[in-house]
Structures are given as C-alpha cells and as structure tokens.
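Peer 1: No sequence on hand, only this structure:
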C-alpha cells in the first residue's frame, strides 16, 4: 500500500467560538451547565449572547482544533465539516486553511447560519460551552470526500457530531470507506451526554471492531462502561479496543494498548487561563506520536504538552510553537 | 444647563478587527505599510486575508475603542457608527453594547458588508493595519442622534472617518449640534494620511474655534503644522486650541492647555504584545480625567496607564480592570 496522502482526516463540527470572560455569579444567574457543553437553539443562543460581555471570535470545533494541533506538529491533515455561506463560515474556512489543513466541504447556502459556540470563561479558567449547531448538523453523506478518507492513515471522528442525524449517517459511511481502504478509525467521545444518548451505537461500533483508538475522559468512560470507578471502567473497556486513551484533566492521562499501559501527569503551567480545547489538543499530541509509531508514553507526553499550551491562553487552538515545545520535552 | 446624559458621545468607524501574528518577512512580501493604516478595497482585503495566518476577530474602530476605555473607567458613553446587517455587524453591535455603551445607529441593509481591519502583528508587537471600510463609510447625516449629541459633555470625532464623504458631512453637522448645545468637541487626527488629504479642513475647523481638544501623534502634528520638529509643531499648534494632547509612543505624551504644559512618560510594561489601540486608549484615559475636571498631569497619567494595559495583550479594547489600575496609579 502506498504511503497515505494524509496522516489524519477528521469529520467534525465547523464552529466559531464566541468567547468572553465572566464571573461565577453569571453562570448561576443564567442557569448554565458549568464546565459542560450544552446545545442551544437559535433563540437560546441569542439570549445568551445578549447576556455575555464583550467577546472574541476564534475558530473552534473539537476535531478541527485537534487537526490544528496536528498540523502545527507537522502532520498532514484534512477536515470535513459543514459551514454556511456567511461571514462566520468564511472565518472558520480561512482559519483552518491558514493552519495548513485541506478543507474542501462546500459551504451550505441559506439558513441556518454557521455554528457558533458561546463560551463563558470563569476566573478559574473553566469554560462553559453553549453550542448553536446551525449548518454544522446538516453535513450530508454526499459531502464526504471518500477518496481523501481512503487516503488518510487515520480517520478521526468527533462524538459531538454523532448526535445529529445527517452527520451520523455521514460518519457511518466514512468508517466503511476507511475500513475498506485498510485505515484506522479514531473516535473521541466528546461529552457524557453523547454517550448517554448514543452509548449503544458506540458499544456496537466497538463490538464490531470498527474503532481502533478511543479518546474518553473520566465521565465518558463511566457513561460508556457503566463503571463509576475509573480503573474498573478501564479494565472493562481496554480489552475491547486496540488503543484507549483516558484523560483526567489535572490528574493526567492513561493509555492502554494490547495489554500495555502508560500514564502521564499533567504538565505544570503557571495559570489555567481557559480550558477550552484541552482534550482536543491532548488528542492532537497523542495522535501526532501515534502516526509516527512512537511509544504510548511518548504519545501521552505529546498530548500533555499540547494540552498545557492550549489552556494557558484564550482559544482552543495552539498559539505557541507546540512542535518546538514537544521536541524540547521529548529531548 | 442640566447635567448632560453622556460624558462622551463618539462618531467613528464601526469595525471588527481581524488579527493575526505574522513574521517580519510577510510584511515585506505583501508590501504592507509597516506600523501604518492603509485603506484597501474588497478585493485587496480578500487577498490579504488569504495571506494571513489563523486569526481572531475582536471588535475595534478607533473611537469605539476609546469609548470602550471610557466606559470601563466609569464614563457614560454613546456611539454613532455604521454597521451592515450581517454577522460582523452583529459582533460589533454586541461588543459595544456589552461594554455598557449606548449604540442605536440602525444597521445598513445590503452591500457593502461591515467594515473589517486586517491587522498583522509582528513579533515586536507593532500592528500593521489594512482597513476595508465597507458599510462604515456610508454613515449618513440622517443617522445622527442629534438629541444624544446635544446631551453629551464631549463630542469625540475620529479623523479616519473624515475621509469618506457621507460621514464627513455627518460629522460637520454633529459639530454644529454640539456647539449649539454648548458642548465641547474633541478630535483625534488618527493618521498622517488623513491630515495629508484633509489638513485644510482641520486647520479651518481649528481656526473657527470648533475643536476644543485635539489628539495628535508626532507624525500627525508634523503634517498638521508643517513643522518637522516636535516642539516647534507644539509651539505653533497649542495657542490655537484650548487643549492639545500629543502622544509619542514609548516617549510618553505632552498636553498643553491655556499656556500650561504637562508631560508623562510611557508606563513601563513587561512586553509589548500588540500596539493596536494604544492611541485610542490613551485618549480614553485622558478624556476620563478631563470630563471630571482633573489636572492635565492626572489626565495624562490616566492615558498612559490605559495605553499600557491595551498594548500588553491582543486586541484594541481593555481586558484588565483599568479603573482599578488608574485608581492605584493616581493613589
């Protein structure tokens, strides 16, 4: 088999983040799901925006953030996701292409507009996300670039996008294309609510051997396995998958593959400014090592370095030279 | 006369800044006017955007930034400026209102879109601005809220907006309204090219006694007075105006009023991250003291503190609590 054109191709939400600092009182007043991701409709997004302070618009989207990290680390990447024909769609498209990522999904005309995520960042750096999915949830299976999927070493899928129907169909088809081409499939569970609503789908995909690399955090692991205890959850899940990566925020992360296990502590940082993108960038670091065939420990260290960088500033995509940071850390 | 409803009402460009770091080589390759502001058309903006790295969108506009500073310092403010009915217009409108500033100019339907300023920030923190004025240049005199203008202690005008014809007419009319109501008029020269193109207008306004407070930097002072020497320019200009404030970047600033003179050094800061908005926030600090009747020295110190805050981070509007910073500095 010839070397694939891409290291990683991802399917994910095409979102522009609208980010503003806020005090803890506002989270309570608005009744927000502190630290979580909540879907909101157009009216809900409008009223939250009105309650929000002066903001910044920065491209986001979980899998797109992961690709931005991978591209910064030197990986060849492509993205598939749905924007609308509007200014925020132009912003998202510009930013992902400017990061060196191929992005060819045609913008969708008419309503709804491009997805946005209203992110309230409290003084502790925790982000509370409220997502209006807009055009993003209408990614049709016909928008898949099947040739590109077949030509990528890893197909990376964002759990958030498993919720709406059209993208779920598209992702199922993409998994088939990747498998037929002998490629790996990586999945990030994204959020507990995704598991709560679609856990059976995920368990089925795992049982069918269609996921090679699964990224979960503690809550998602518990939701997926039904085991409240972290180690019990890992013990149940790990034998079912070639690679499981479980992140635990400040407690670091664990990876298990073929009976081997490695752990990494969180990288020390001066101040957590904004946790948005921490999991996304951890996945970026891990995958950047994985596609090079590095050890589990090395992949985890890469993940920890990238996550530490992204939580030290506003926005979910890397700003510092993470390639140099990783190189310095791995020695 | 009853106390005015507003401390400051401003007329200015309604712009969203599109900001990205860039290396010095790119400035040369693109043939940009390093450190300056250049007007570009829609095609020019598009090609520069394509050459730009991943960016952030943050509301800007010179006078709007000044109001954001004034509002953060506790002043009551209103803004008049033209956005289009599009997503960037919504962003600008949200951000200025979220800063506590009254903004009631109706959005303009159809083309052109809301103004944007493509800002390339080099490693030294210098910003190179390329502005597509879009809807902003079509602010009609009919959009003026004359009641609000008559009810503001100071009318603050942005020189940039003197260039396009419709806003210039609107500003001339606004000056008349303010004067008829016995209010002060403050003007920022904005950029040397504005003086080069419209210097006669400014000199005429000054000669007619229609400007009370003028903000200039060294280059604008030279262009306005024809004196290359800073002190010679000041000596020529100061007797013609009640208050002149001349800023000199890292060399601090000078204010002259009624024969009195005060100077301030630039505040020391750790690192200049992005100079965008330095002059705008200096004006904010100065005016915040002026409307309270503080001494020239105190007004200048306020300006220096606010300018130092805004150049220590990305974006042209304050992020730290500048009211507290000013209070701490003034003691």
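Peer 2: Right, received. Where do you want to start? Fair warning: this is a prediction, and the values are worked out from it, not measured in the lab. Numbers count the residues shown, from 1 in each chain, chains lettered A, B, ... in the order given.

Peer 1: CA atoms for contacts and neighbours, from now on please.
Peer 2: Noted.

Peer 1: so how far is residue B:231 from residue A:297?
Peer 2: Taking CA to CA, to the nearest Å as the measure, residue A:297 falls 65 Å from residue B:231.

Peer 1: of those two, who's got more company?
Peer 2: residue A:297 (17 against 13; other CA atoms under 10 Å in any protein chain shown).

Peer 1: Let me know the pLDDT of that one.
Peer 2: Here the pLDDT value assigned to residue A:297 is 98.

Peer 1: Would you confirm that it contacts residue A:257?
Peer 2: No: taking contacts as CA atoms under 8 Å, residue A:297 lies outside contact range of residue A:257: 11.1 Å.

Peer 1: Tell me which helix or strand residue A:155 sits in.
Peer 2: Here residue A:155 is covered by strand A:152-158, with elements defined by DSSP states H and E.

Peer 1: Show me what that strand is packed up against.
Peer 2: strand A:6-11, helix A:62-72, helix A:165-180, strand A:184-188 (3 or more CA pairs under 8 Å, 6 or more residues apart in numbering or on different chains; DSSP states H and E).

Peer 1: so does stretch A:60-77 get close to chain B?
Peer 2: No: on the criterion CA under 8 Å from any CA of the partner chain, stretch A:60-77 is out of touch with chain B, staying 9.7 Å away.

Peer 1: Kindly report the residues of the stretch 1-150 of chain A close to chain B.
Peer 2: Checking the stretch 1-150 of chain A against chain B by CA under 8 Å from any CA, the hits are A:49-50, A:52-59, A:86-88, A:94-96, A:98-99.

Peer 1: where do the helices sit along the stretch 101-250 of chain A?
Peer 2: Using DSSP state H, counting those that start in this stretch, the helices of the stretch 101-250 of chain A run over residues A:146-150, A:165-180, A:192-207, A:218-225, A:230-237.

Peer 1: The ones you listed: which one's closest to residue A:135?
Peer 2: Residue A:135 lies closest, by CA to CA, to one member of these: helix A:165-180, at 10.9 Å.

Peer 1: what comes up buried for that closest one?
Peer 2: Within helix A:165-180, the residues scored as buried using 16 or more other CA atoms under 10 Å in any protein chain shown are A:166, A:167, A:168, A:170, A:171, A:173, A:174, A:175, A:176, A:177, A:178, A:179.

Peer 1: Tell me the spacing between residue A:77 and residue A:177.
Peer 2: Per CA to CA, residue A:77 is found 17 Å from residue A:177.

Peer 1: pLDDT (mean, whole number) over stretch A:130-139?
Peer 2: Mean pLDDT, computed over stretch A:130-139, is 97.

Peer 1: Equivalent analysis for stretch A:59-76, please.
Peer 2: The average pLDDT within stretch A:59-76 is 98.

Peer 1: Same question for stretch A:227-241.
Peer 2: Mean pLDDT, stretch A:227-241: 97.

Peer 1: hmm, back to that, which residues are in contact with the strand holding residue A:155?
Peer 2: A:4-13, A:62-63, A:149, A:171, A:175, A:178, A:183-190, A:291 (CA atoms under 8 Å, 6 or more residues apart in numbering or on different chains).

Peer 1: Buried subset of those residues, written for PyMOL?
Peer 2: If you want just the buried ones from these in PyMOL, going by 16+ other CA under 10 Å, the selection is:
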select buried, chain A and resi 4+5+6+7+8+9+10+11+12+13+62+63+149+171+175+178+183+184+185+186+187+188+189+190
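
Peer 1: ok, the residue lying closest to residue A:229 once chain neighbours are set aside - contacts?
Peer 2: Sequence neighbours aside, residue A:222 is the residue nearest to residue A:229 in space, at 7.2 Å (criterion: CA to CA, 6 or more residues apart in numbering or on different chains). Residue A:222 is in contact with A:228, A:229, A:230, A:233, counting by CA under 8 Å, 6+ apart.

Peer 1: again, only using 10 Å
Peer 2: If you count contacts by CA atoms under 10 Å, 6 or more residues apart in numbering or on different chains, residue A:222 has them with A:192, A:195, A:216, A:228, A:229, A:230, A:231, A:232, A:233, A:234.

Peer 1: list the helices and strands the helix or strand encompassing residue A:288 packs on?
Peer 2: Using DSSP H and E, residue A:288 maps to helix A:278-290. Using 3 or more CA pairs under 10 Å, 6 or more residues apart in numbering or on different chains; DSSP states H and E, the elements in contact with helix A:278-290 are strand A:6-11, helix A:62-72, strand A:152-158, strand A:184-188, strand A:213-217, strand A:243-247, helix A:296-310, helix A:322-330.

Peer 1: which one of these lies closest to residue A:265?
Peer 2: helix A:296-310 (7.5 Å).

Peer 1: Mind giving me the packing neighbours of the closest one?
Peer 2: Helix A:296-310 packs on helix A:62-72, strand A:243-247, strand A:253-257, strand A:260-264, helix A:278-290, helix A:322-330, going by 3+ CA pairs under 10 Å, 6+ apart.

Peer 1: Would you mind listing the buried residues in the fifth one?
Peer 2: Just to be clear, that refers to helix A:278-290. Using 16+ other CA under 10 Å as the burial criterion, the residues of helix A:278-290 that qualify are A:278-290.

Peer 1: Closest to the centroid, which residue in chain A?
Peer 2: residue A:62 (3.1 Å; CA atoms, centre = their mean).

Peer 1: what sits against that one?
Peer 2: Contacts for residue A:62 (CA under 10 Å, 6+ apart) come out as A:10-15, A:68, A:157-161, A:188, A:190, A:276-281, A:283, A:316-317.

Peer 1: Surely residue A:216 touches residue A:247?
Peer 2: Yes: assessed by CA atoms under 10 Å, residue A:216 is found in contact with residue A:247 at 6.4 Å.

Peer 1: quick one, which of the two is more surrounded?
Peer 2: Legend: neighbour count by other CA under 10 Å for residue A:216 and residue A:247, higher for residue A:247 (28 against 24).

Peer 1: In contact with the nearest residue to the more buried one once chain neighbours are set aside: list those residues for me.
Peer 2: Leaving aside its sequence neighbours, residue A:247 sits nearest to residue A:253 (CA to CA, 6+ apart; 4.2 Å). The neighbours of residue A:253, taking CA under 10 Å, 6+ apart as the test, are A:216-218, A:245-247, A:262-266, A:282, A:300-301, A:303-304.

Peer 1: Now do residue A:3, the pLDDT please.
Peer 2: For residue A:3, pLDDT reads 86.

Peer 1: Ok, residue A:206 next?
Peer 2: Looking at residue A:206, its pLDDT stands at 97.

Peer 1: Could you tell me how many residues sit around it?
Peer 2: 18.

Peer 1: Can you give me every residue that contacts the nearest residue to residue A:133 once chain neighbours are set aside?
Peer 2: Distances taken as CA to CA, 6+ apart put residue A:115 closest to residue A:133, at 4.5 Å, once the chain neighbours are dropped. With contact set as CA under 10 Å, 6+ apart, residue A:115 has these partners: A:13-17, A:42, A:60-61, A:82-84, A:88-89, A:92, A:131-137.

Peer 1: Make a PyMOL selection of the buried ones in these.
Peer 2: Buried residues within those, by 16+ other CA under 10 Å, are selected in PyMOL with:
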select buried, chain A and resi 13+14+15+16+17+60+61+82+83+84+88+89+92+131+132+133+134+135+136+137
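
Peer 1: Cross the contacts of residue A:115 against strands and list the overlap.
Peer 2: Of those, the ones assigned to strands by DSSP state E are A:15, A:16, A:17, A:131, A:132.

Peer 1: if I look at the second one, how far off is chain B?
Peer 2: If I follow you right, that is residue A:16. From residue A:16 over to chain B the distance is 10 Å, taken as CA to the nearest CA, to the nearest Å.

Peer 1: Tally up the residues packed near the residue nearest to that residue when sequence neighbours are not counted, please.
Peer 2: Closest residue in space to residue A:16, ignoring its immediate chain neighbours: residue A:59 at 4.3 Å, by CA to CA, 6+ apart. A count of neighbours around residue A:59, defined by other CA under 10 Å, yields 29.

Peer 1: try residue A:315
Peer 2: 25.

Peer 1: my guess is it contacts residue A:273, does it?
Peer 2: Yes: Residue A:315 is in contact with residue A:273 according to CA under 10 Å; the separation is 9.5 Å.
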